[in-house]
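Student: 3D, please:
(chains A and B)
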Amino acid sequence: MSERTFVGGIHPGYFKESTSGIPIAPAKAPSQVIIPLQQNIGAPCEAIVKVGDEVKMGQKIGEPKGFVSAPIHASVSGKVSKIEPFNHPMGTQVLAVFIENDGQDTPDEGMKPNKSLEELTPEEIKAISKEAGLVGMGGATFPTHVKLSPPPEIQIDTVIINGAECEPFLTADHRLMLERADDIVFGLQAFMKALGATRGIIGIEDNKPDAISSVRKAVAESSGNYNIEVHPLHTKYPQGAEKMLIKATTGREVPPGALPMAVNVVNQNTGTAIAMAEAIKFGKPLYERVVTVTGPGIKKPGNFLVRNGTLIRDIIEQCGGLTSDARKLVLGGPMMGLAQPTDEIPAIKGTSGVLVLTEEFVKEQPIAACIKCGKCVEVCPMHLLPSFIGAASEKKVYDLAEKYGAMDCFECGCCTYTCPAKRPLVQWIRIAKGAIAASRKK
Amino acid sequence: MDRKLVVSSSPHIKSPETIRSIMIDVLVALFPVALMAVFLFGFRALVTMIIAMVAAMATEAIILRRKNLFGDGSAAVTGLLLAMTLPPAPPWWVVVIGSVVAIGVGKHIYGGLGNNIFNPALVGRAVLFVSWGTHLAGNVWIKPVPFGFTADAVTQASPLVTYDASLGDLFIGTVSGSLGETSALALIIGAIWLFYRGHIDWRIPGSFIGIVFILGLFDGGLYMGLYHVLAGGVMLGALFMATDMVTSPVTPTGKIIFGLGCGAVTMAIRMFGGMPEGVTFGILFMNGLTPLIDNMTLPKKFGEVKKSA
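Tutor: Next up is the predicted model:
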């Protein structure tokens, strides 16, 4: 491959300086955690504890109701006080387990080291990832054990760890690559073994040279006979998008509508790789994760290890609170994150960032007519015609929107970011996708 | 929580670029061209440009009932581009009519910026050309006299009539012609700014100029190939008119087809038509085909056809 990137994309400001140098610190455990029973794409979980039960840290409290699902574990020890619907980052109300923290962090007996990676069979690794409740921690929260179980006719040959962290503002993965590189490599080795993959790749954007050298060092010092490469990638959003990352590192293009396994690849997030390593080494389930708390609206930004079910309000409080001009709360990055109406929202497995934006970012700009500059076409990493899809969707002509590629849009937002007429293109495309999906169901 | 939060759909950050900033970039890019026009043709060229811009902006402000004369800047660009296609010193009312037609008929009849099918400046020029052609061609071309602001105007036939100008004069612009078209040098300097700012890419100018050169070769070898590129309105048309965002295709392949079409029609008119110059109608013709070209050249989606590399 001549250059490690893809065609299209944008170069927004990084905004990473305020937190990229701040080591990960454990966030204070709150007096109460509120753990939603849906934390992954796919089926929700069923509570397996009742009100009044004493639970231990790491104890399973939610059992999956389907194959595409992952169990949920207590992030503190204490007493279950309520099980009722509560605010969820997806904008809905979801059944959640409320646990009063006893402050003891009494670990669950189930948390004990597994056999070494050499001794584990692929099936055992899959079982560990499932029991530990691993999901894709980049935000999409696809259950990891499902990714590790491709259909028998597909042989995965390459596992890619996504260390691109192309979203502006976020630095959680960057810090993990600096501080936990050995566990990232260990996790990758486990994924490779589980899938029988012969090649492991860690892709990192080249605006993080310290992370590249840290991970390279960890690869060089790692044990076991695994073929692992570190690929510096061109710094460009959305370099970390699944399909773009596969193209940049392997040259393979995932066909429209298909999953990475169609080109014999599985992608995993850096955080997920570390969670895999912890699950094998210590039997530790996924009940806490690193969250970047940042943005001009946060007084003291940083990177924190946050327990599942901690309210965003409590996290922000530890960061000195909000500035007086804070106007928007986003969970995730500024390009694809979800804006929240309140800070009474629990952090979950997919919460990569808490971003607070100020007045200057939320100024409403009037929408002008499309001047057909074609800049959205240039930046679309899927090579669609966003301006055409947007115009069709605006007029509710959804079959035309489909013709111009609406269903292949993965909503990276490059078109809306770029549009000089300030047209909400990806927002219109989302509406079109919903309408097209609804009409297909009929 | 004691404050109201704004909730909106992602992305939550946007590029600082606006339509207005793009139009200002185009005006900046036209500055060297305007400067060269004043240098070559004197202050009358400046007066023509100012009349065209003010008339265009005023027309738009009246149509939109807008108090701000400049607005998004697109009318100023249209006015200036129209002036670039006119002789250095046509009667003032010709210029005003051109601007009113460009903005009124060329742009706002279709619904304003973004909705027009044809390049507004060229619509203005085309109407002037067929209505008051005597003020636009033939005997009114002024022989440029650098630094000769006070010299009496001497008329000179267009190099596309005489075919005797030197390539050096054509490149620098010391030949007669429309006030903004003669200097390839100034046009290229201006276009570099637009390239740098990402507002135009190589496809339209490259294919336009390329096909004019290739067809020119058949009109008399390398010399005529270069002559056809440098003489008349090809450089102005390829770099500033055909690249008008609104009226040119958005697809990469479509841009190449569009440029080739502009150049081919231009050369067909020059070599076989009844007029010495064909850039205006070449571009207008292709403007009309733009929606068709876009729809016939939809880009291949990421991952389509090719399964793996």
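Student: quick one, domains of chain A?
Tutor: The record's domain parsing of chain A by automatic domain parsing lists A:112-282, A:375-441.
Student: Redo those as TSV? Include mean neighbour count, mean pLDDT and distance to chain B.
Tutor: C-betas here are computed from N, CA, C, even on glycine. Below are these laid out as TSV (neighbours: other C-beta atoms under 10 Å in any protein chain shown; pLDDT from 0 to 100; distance: least, C-beta to the nearest C-beta, whole Å):
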stretch	mean neighbour count	mean pLDDT	distance to chain B
domain A:112-282	21	95	4
domain A:375-441	22	95	3
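Student: Now that we have these, can you turn them into a markdown table and tack on distance to A:Ile61?
Tutor: Shown next, in a markdown table, are the domains of chain A (distance: least, C-beta to C-beta, whole Å):
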| stretch | distance to A:Ile61 |
| --- | --- |
| domain A:112-282 | 10 |
| domain A:375-441 | 32 |
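Student: quick one, which of the ones you listed is nearest to A:Leu37?
Tutor: domain A:112-282 (11.6 Å; C-beta to C-beta).
Student: where are the low-confidence patches of the stretch 1-150 of chain A?
Tutor: Counting by pLDDT under 70, the stretch 1-150 of chain A has low-confidence residues at A:1-3.
Student: residue in it nearest to chain B?
Tutor: Closest residue of the stretch 1-150 of chain A to chain B, C-beta to the nearest C-beta: A:Pro12 (6.0 Å).
Student: May I have the secondary structure class of the nearest residue to that residue once chain neighbours are set aside?
Tutor: Nearest residue to A:Pro12 in three dimensions, chain neighbours excluded: A:Pro168, at 5.2 Å (C-beta to C-beta, 6 or more residues apart in numbering or on different chains). For A:Pro168, the assignment made with DSSP: H, G, I helix; E, B strand; the rest coil gives coil.
Student: next one: A:Ser81
Tutor: Secondary structure, three-state DSSP: A:Ser81 is strand.
Student: Surely it is in contact with A:Glu100?
Tutor: Yes: between A:Ser81 and A:Glu100 a contact is recorded at 5.0 Å, counting by C-beta atoms under 8 Å.
Student: residues contacting residue 10?
Tutor: You didn't pick a chain, so chain A it is. Listed by C-beta atoms under 8 Å, 6 or more residues apart in numbering or on different chains, the contact partners of A:Ile10 are A:236-237, A:379, A:414, A:417-418, B:15.
Student: nope, chain B
Tutor: Taking C-beta under 8 Å, 6+ apart, one finds A:330, A:332, A:334-339, A:411, A:413, A:426 in contact with B:Ser10.
Student: For B:Phe195, give its distance to chain A.
Tutor: Per C-beta to the nearest C-beta, to the nearest Å, B:Phe195 is found 13 Å from chain A.
Student: circling back to that earlier point, closest one of the contacts of B:Ser10 to chain B?
Tutor: A:Gly413 (3.5 Å).
Student: residues touching the closest residue to that closest one other than its chain neighbours, list them.
Tutor: Take A:Gly413 and drop its neighbours on the chain: the residue closest to it by C-beta to C-beta, 6+ apart is B:Pro11, 3.5 Å away. Residues in contact with B:Pro11 (C-beta under 8 Å, 6+ apart) are A:334-336, A:413, A:416-417, A:426.
Student: what are the phi and psi angles of B:Pro11?
Tutor: phi -80, psi 160 (degrees, to the nearest 10).
Student: quick one on the thing from earlier: for the domains of chain A, which one sits closest to B:Val28?
Tutor: domain A:375-441 (15.7 Å).
Student: and the longest helix for chain B?
Tutor: Counting residues, the longest helix in chain B under DSSP state H turns out to be helix B:19-41.
Student: buried ones in that one?
Tutor: Of the residues in helix B:19-41, B:19, B:22-27, B:29-30, B:32-34, B:36-41 count as buried by neighbour count, 16 or more other C-beta atoms under 10 Å in any protein chain shown.
Student: cool, stretch A:103-113 as well?
Tutor: Within stretch A:103-113, the residues that count as buried by 16+ other C-beta under 10 Å are A:106-108, A:111.
Student: Within reach of chain B, which of these are there?
Tutor: Among the buried residues of stretch A:103-113, no residue lies close to chain B (C-beta under 8 Å from any C-beta of the partner chain).
Student: ok, back up a step: I'd like the contacts of B:Pro11 as CSV, with secondary structure appended.
Tutor: Formatted as CSV, those follow (three-state DSSP):
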residue, secondary structure
A:Pro334, coil
A:Met335, coil
A:Met336, coil
A:Gly413, coil
A:Thr416, helix
A:Tyr417, helix
A:Val426, helix
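Student: And those, which two are furthest apart?
Tutor: Applying C-beta to C-beta across these, the maximum distance is between A:Pro334 and A:Val426, 13.1 Å.
Student: tell me, what's touching A:Ser81 and A:Glu100 both at once?
Tutor: A:Gln32.
Student: What about B:Lys111, how many residues nearby?
Tutor: Wrong residue type there; residue B:111 is Gly, not Lys. When neighbours are defined as other C-beta atoms under 10 Å in any protein chain shown, B:Gly111 has 10 of them.
Student: Hmm, A:Ala369 and it touching each other?
Tutor: Yes: counting by C-beta under 8 Å, B:Gly111 touches A:Ala369, with 7.4 Å between them.
Student: which ones are touching the residue of the stretch 51-200 of chain B found nearest chain A?
Tutor: At 3.4 Å from chain A, B:Gly114 is the closest residue in the stretch 51-200 of chain B, using C-beta to the nearest C-beta. By C-beta under 8 Å, 6+ apart, the contact set of B:Gly114 is A:368-372, A:421, B:246.
Student: any idea what sits nearest it, other than its immediate chain neighbours?
Tutor: A:Ala369 (3.4 Å).
Student: Now do the SS call for that neighbour.
Tutor: Recorded secondary structure, A:Ala369: coil (three-state DSSP).
Student: any idea how far the residue of the stretch 51-200 of chain B closest to chain A is from A:Val146?
Tutor: From B:Gly114 across to A:Val146, the span is 45 Å (C-beta to C-beta, to the nearest Å).
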